[in-house]
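Enquirer: All I have is the shape, not the residue letters:
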């Protein structure tokens, strides 16, 4: 790439803000996370560049918020894990640098290694806004020991939502507890459930479509699961702890949690694709984050691109996939036990996570997420909740 | 010599007078300016870190800005109008009211009652033990304390639900139930913060002159009379200080518990105005909105403080 200046004699240090390390004040993990292994491997091979990883928070939005503050202070981090749902904000608000700009002629070759169905998820205005690193989708984790005790065939339980409602009480009888917990922000799982019933959260013009009959019926389904005493109303921390301890039978969460869960549980951990709605195809949402380049300085951008090239190489992906995230590249890697469900959903076609539009994108997501929780908890009917959410969010959408 | 001539000498004196006046004026100037020079560093710090942000946030409350964009769009009072229409802001206001009504009496009166109970054993070692025990939660970090309380409140494995279930009642989703989450935050906030006020009251009670107490005791005053007529009036300056600072800080103090335990949920039911401000500014990146909220908080706090000075301070005995 001839247009780049040669790297300076002194190593260029770049900062990567991500969510997989240890936030300040917390005890460091005993094993090195694959992101740290990636950084270490890159630094060992590239004496002219020092990549420094930092985890302000394990929460995507808190990390993005830290990045925003640093950009505002004129100290933009070179790379930041940016959730798919904030892609509009990354482009319009944070002015992320497209890979075609920082990678020049090399960008095309690097991106050619990625699966065709993945690249549209990071493309906006015909430009690639980041490297699709953390690629995931929600799956159903379940405790197979509980299923065996209940005499329930998981394939039958997860066949469709009607089966789930019919067989769920048998599973509940084993523990006496609700059986289904939520492991991520509710709007993410809601998007998949709505899409599986033929509805959408946002239409092609990025206007709310969550009050369509299909969307309302999908939301009503989970409300009925809750009414039957099968859904655990809890924080995600609580449902996570309950699932790991064996008191919660099923946990719907990102496939990215697979690696961590497998190490923590003491039961037969299995996964399943999401139940469908009878007679309708499954249409799940992707999730996770891309590595966006926010560096304003050319030298920093150059160093960031070198790191991205390594991340997108076969060696880099080999290290990264130890996490449990899905393989977003065309490189062949063995599927980890438990990932099959996610790959089934991937082959069926994943959609982009709702790209919330405009400068008030995060606020729209917050409003919708709150109503999802209210509907599922039975605090408001599905029809009224979807309607009110649309009214409340309406002034937050950009004017057309 | 002309200088020895009386008229010439007088002229010399007159000529020297302005010089002396100048010296005198300079001396008076520096004498007046010196105190200001001593406090100048503090004034600069206060100006830069308190008054300038206050003025700047008032300015920002009239703009739509996301912290980064080079353009701040002037929107007039739109941020304030939007707050008036925002159900989440209304919910945060309602939460703020509940926190004030529940926490101010708890943080002002509970430590006062405990201090009163501990005062009779002030000379024994037991009081030291109680002081340390009751003050400890104040110095524990919120993230550590929250882990403990998250375990207590856990819906399936928490010790609280175990006790309730064993007693024959249904388990409660403490932090996910819209009717209980705010009260969990209140309980944790009381536990976390009342120790500081307890220490202030104990110090104030120590300072009550013993001759008053002994005289009242000789006159046969009961324990309650002793408190109501002797000790409490003499510690009213501390009581007033605790009341004013608690009202000012209560919604800030509860922020940590909300942030760690409930995230304002479920459905914003445990949120308050400070948490709403934080979300507007640092989660949804609406700096204009957040500045408008901060201005409202400032005005509200100023009014509450004025009311306390106007109606409560007159009952304070400064000795």
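Expert: Done, it's in. All values derive from a computational prediction rather than experimental measurement. Numbers count the residues shown, from 1 in each chain, chains lettered A, B, ... in the order given.

Enquirer: okay, CA-based contacts and neighbour counts for the rest of this
Expert: OK.

Enquirer: helices and strands around the helix or strand hosting residue A:237, which ones?
Expert: Here residue A:237 sits within helix A:236-245, counting by DSSP states H and E. Judged by 3 or more CA pairs under 8 Å, 6 or more residues apart in numbering or on different chains; DSSP states H and E, helix A:236-245 is in contact with strand A:180-182, strand A:250-254.

Enquirer: Show me the contact partners of it.
Expert: A:181-184, A:232, A:248-251, A:261, A:264-266, B:150, B:154-157 (CA atoms under 8 Å, 6 or more residues apart in numbering or on different chains).

Enquirer: For the stretch 201-319 of chain B, list the residues in contact with chain A, please.
Expert: Proximity of the stretch 201-319 of chain B to chain A, by CA under 8 Å from any CA of the partner chain, involves residues B:262, B:266, B:267, B:268, B:282, B:283, B:284, B:285, B:286.

Enquirer: how about 7 Å then?
Expert: Within reach of chain A by CA under 7 Å from any CA of the partner chain, the stretch 201-319 of chain B has these residues: B:267, B:282, B:283, B:284.

Enquirer: tell me the contacts of the second one?
Expert: Looking back up the chat, that one is residue B:282. Counting by CA atoms under 7 Å, 6 or more residues apart in numbering or on different chains, residue B:282 touches residue A:65.

Enquirer: Then the first one?
Expert: The contact partners of residue B:267, by CA under 7 Å, 6+ apart, come to A:370, A:374.

Enquirer: That one and residue B:273, how far apart?
Expert: Using CA to CA, to the nearest Å, we find residue B:267 at a distance of 15 Å from residue B:273.

Enquirer: The third one too?
Expert: Between residue B:283 and residue B:273 the distance, using CA to CA, works out to 14 Å.

Enquirer: more neighbours, these two?
Expert: A count of neighbours by other CA atoms under 10 Å in any protein chain shown puts residue B:273 above the other of residue B:283 and residue B:273, at 25 against 17.

Enquirer: Skipping adjacent residues, who's closest to that one in space?
Expert: Distances taken as CA to CA, 6 or more residues apart in numbering or on different chains place residue B:92 nearest to residue B:273, at 5.0 Å, with adjacent residues excluded.

Enquirer: Wondering if stretch A:183-199 reaches chain B at all.
Expert: No. Stretch A:183-199 lies out of reach of chain B by CA under 7 Å from any CA, never closer than 11.7 Å.

Enquirer: and that stretch, how far out from the chain's middle?
Expert: How far stretch A:183-199 lies from its chain's middle: 12 Å, per CA atoms, centre = their mean, to the nearest Å.

Enquirer: Give the buried residues for that stretch.
Expert: By neighbour count with 16 or more other CA atoms under 10 Å in any protein chain shown, stretch A:183-199 contains the buried residues A:183-199.

Enquirer: returning to what we had before: can I get the buried part of the contacts of helix A:236-245 as one PyMOL selection?
Expert: Selection of the buried residues among the contacts of helix A:236-245 in PyMOL, burial being defined by 16+ other CA under 10 Å:
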select buried, (chain A and resi 181+182+183+184+232+248+249+250+251+261) or (chain B and resi 150+154+155+156+157)
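
Enquirer: returning to what we had before: adding distance to residue A:132, secondary structure and pLDDT, write the residues of the stretch 201-319 of chain B next to chain A out as JSON lines.
Expert: Formatted as JSON lines, these follow (distance: CA to CA, whole Å; DSSP: H, G, I helix; E, B strand; the rest coil; pLDDT from 0 to 100):
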{"residue": "B:267", "distance to residue A:132": "32", "secondary structure": "coil", "pLDDT": "91"}
{"residue": "B:282", "distance to residue A:132": "25", "secondary structure": "helix", "pLDDT": "82"}
{"residue": "B:283", "distance to residue A:132": "23", "secondary structure": "helix", "pLDDT": "81"}
{"residue": "B:284", "distance to residue A:132": "24", "secondary structure": "coil", "pLDDT": "80"}
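
Enquirer: Out of those, which two sit at the greatest distance?
Expert: B:267 and B:282 (18.7 Å; CA to CA).

Enquirer: remind me which residues of chain A are low pLDDT?
Expert: Applying pLDDT under 70 to chain A flags the ranges A:1-9, A:22-30, A:400.

Enquirer: from the middle of its chain, how far away would stretch A:248-264 be?
Expert: Distance, stretch centre to chain centre, for stretch A:248-264: 14 Å (CA atoms, centre = their mean).

Enquirer: no, scratch that, I was asking about stretch A:281-295
Expert: Distance, stretch centre to chain centre, for stretch A:281-295: 6 Å (CA atoms, centre = their mean).
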